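A.B. asks: when you get a sec, could you give me coordinates for this:
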Amino acid sequence: MALIKTVRGFTPIIGQDTYLAETAVIIGDVIIGEGCSIWFGAILRGDVNSIRIGNGVNIQDGSVLHTLYEKSVVEIGDNVSIGHNVVLHGAKVCDGALVGMGAVVLDNAVVGEGAIVAAGSVVLGNTIIEPGSIYAGVPAKFVKTVDPTQAIEINEKIARNYRLYSSWYK
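C.D. replies: This is a model prediction of the structure:
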């Protein structure tokens, strides 16, 4: 069973039909929506500030979510995919977005609706990624815009696939 730990009087709240892998760690001021999946080795550390996760979100193996004390929070919209080994530190990821494997998204950055952060990218603090755009590189820069409807469809398909995958473990 996942490690779920109360810290500073905050106990994580986990939505219905959410899969937590046995080695996932959820600490403190964390609220996870319905139909999510938190995979092996993922750490959601809401000890110094809040982490809010919408519905249908998958946080894949080895990812770390954390914040700055009294300065930043993590907000994730609905149907978002956070790839393997992502570091999401005090950032906002809007509905239908995807953060690729090994990416780092730093404090007060915003990943817009349906946007894609390419694998291995580093999104610097305070960066605003426009909806439906792709950012890549170190530091991450604008690559191109994709049709927002198409981007959301693709990203939501990935999120739906992860709901399927998690059903295999329940």
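A.B. asks: what are the ranges of the helices in this structure?
C.D. replies: 148-167 (DSSP state H).
A.B. asks: middle-most residue in it, spatially?
C.D. replies: For the chain, residue 82 is the residue whose C-alpha lies nearest the centre (CA atoms, centre = their mean; 4.3 Å).
A.B. asks: quick one: residues contacting that one.
C.D. replies: 57, 58, 59, 60, 63, 65, 76, 88, 93, 99 (CB atoms under 8 Å, 6 or more residues apart in numbering). For every residue, glycine as well, the C-beta is placed using N, CA and C.
A.B. asks: so how far is residue 140 from the nearest residue to the second one once chain neighbours are set aside?
C.D. replies: Translated: residue 58. Sequence neighbours aside, residue 162 is the residue nearest to residue 58 in space, at 3.6 Å (criterion: CB to CB, 6 or more residues apart in numbering). Counting by CB to CB, to the nearest Å, the gap from residue 162 to residue 140 is 23 Å.
A.B. asks: please apply the same query to residue 133.
C.D. replies: For residue 133 relative to residue 140 (CB to CB), the value is 10 Å.
A.B. asks: wait, isn't the residue nearest to residue 58 in contact with residue 80?
C.D. replies: No. With contact defined as CB atoms under 8 Å, residue 162 does not count as touching residue 80 (10.2 Å).
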